[in-house]
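In: what shape does this take:
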Amino acid sequence: MITMQELLKDAKFEDQSQEIQDNLVELLVRINKVRAAYGKPMNVTSGLRSMADHLRIYAQKGITDQSKIPMQSNHLYGRAVDISDPNRELQAWVLKNVKLMEEIGLWMEDFGATPNWLHFQINPPKSGNRFFKP
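Out: Residues are numbered from 1 along each chain as shown. Sure, this is the predicted structure:
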């Protein structure tokens, strides 16, 4: 199972606001439902992010113009997790289990935007689409 520490990385749960703590608990419950159904290990590559981490991640991609960085990312609020998927096995499984994603209450970024990982979040995007463009 995925642990809270995997979502937190170097952050401390008790240092987070009540809203972020609540979001992290809900995210952990939901992503572990996916993990249990999937039946294979899942590697968290990004969970909760500090703003500094968020800016660093985008800088590594060559994006430093903050107007081009999603400053309201769900990662900043403990509502999203990225799972490594270099062989797209998890992506294929999710596509076969969309109904389960609906039941669990998870939304995913369009796989074209996440070539070797999956982005799951616990809140619907503005479009309301189960799979959305970031």
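
In: what about the closest residue to residue 74 other than its chain neighbours, distance to residue 39?
Out: What sits nearest to residue 74 in space, not counting adjacent residues and going by CB to CB, 6 or more residues apart in numbering, is residue 80, at 3.6 Å. From N, CA and C alone the C-beta is placed, and that goes for glycine too. Note on residue 80: its distance to residue 39, by CB to CB, to the nearest Å, is 23 Å.

In: more neighbours, the two?
Out: Neighbour totals were compared for residue 80 and residue 39, and residue 80 leads with 25 against 7 (other CB atoms under 10 Å).

In: residues contacting that one?
Out: 27, 46, 47, 73, 74, 119, 120, 121, 122 (CB atoms under 8 Å, 6 or more residues apart in numbering).

In: now do the same contact list for the second one.
Out: Read that as residue 46. Taking CB under 8 Å, 6+ apart, one finds 57, 75, 80, 81, 82 in contact with residue 46.

In: is it bridged to anything, and to what?
Out: Note on residue 46: beta-bridge partners residue 82, judged by DSSP bridges.

In: which parts of the chain are strands?
Out: 44-46, 80-84, 107-109, 117-121, 131-132 (DSSP state E).

In: rewinding a little: tell me the pLDDT of the residue nearest to residue 74.
Out: Confidence at residue 80, expressed as pLDDT, is 98.
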